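1. okay, sequence plus prediction incoming.
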Amino acid sequence: MELAIESLDSPALTKAQLADLLFDQIGLNKRESKEMVDAFFDLVSQSLVEGDDVKLSGFGNFQIRTKAPRPGRNPRTGELIPIQARRVVTFHASTKLKEQIQSGETSASAL
């Protein structure tokens, strides 16, 4: 199945646009489409909060990385400011996605 996303108006793909694509191209009703998109992102978010990696085959991996505390600097004043340890999300694109980006393919079926 191939999704046509060329008709998107904004440079960013939003959750509302994903729901509209499910409605237009898959045939789900608008409520089901919105619930499916919300459930997907809730599942991804919850997995990351729990410290689990999220692997989307053919797309990439989201991982939680713990960054150590380090000294920082206020760029305006030059004052040293300690930066606390924190957890951040990193994304690593799959080889398929990298190849698709390099070739300029726009087909969702390439994933």
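-> Perfect, I can see it now. A quick note: this is a predicted structure, and the numbers were derived from the prediction, not measured.
2. and stretch 12-23, C-alpha only, in CSV?
-> What follows is stretch 12-23, C-alpha atoms only, in CSV (Å, rounded to 0.1, in the frame of the first residue of the first chain):
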residue,chain,number,x,y,z
ALA,A,12,6.0,19.3,9.1
LEU,A,13,3.9,16.2,9.2
THR,A,14,1.5,16.5,12.1
LYS,A,15,-0.6,14.0,14.0
ALA,A,16,-3.7,15.5,12.5
GLN,A,17,-2.4,15.0,9.0
LEU,A,18,-1.5,11.4,9.8
ALA,A,19,-5.0,10.9,11.0
ASP,A,20,-6.4,12.5,7.8
LEU,A,21,-4.2,10.2,5.7
LEU,A,22,-5.6,7.2,7.5
PHE,A,23,-9.1,8.5,6.9
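3. low-confidence regions, this structure specifically.
-> Applying pLDDT under 70 to the chain picks out residues 1-10, 106-111.
4. can you give me the helices in it?
-> Along the chain, counting by DSSP state H, helices occupy 15-21, 30-49, 95-103.
5. which one of those is the most hemmed in?
-> Stretch with highest mean neighbour count among these: helix 15-21 (a mean of 16; mean count of other CB atoms under 10 Å). C-betas here are computed from N, CA, C, even on glycine.
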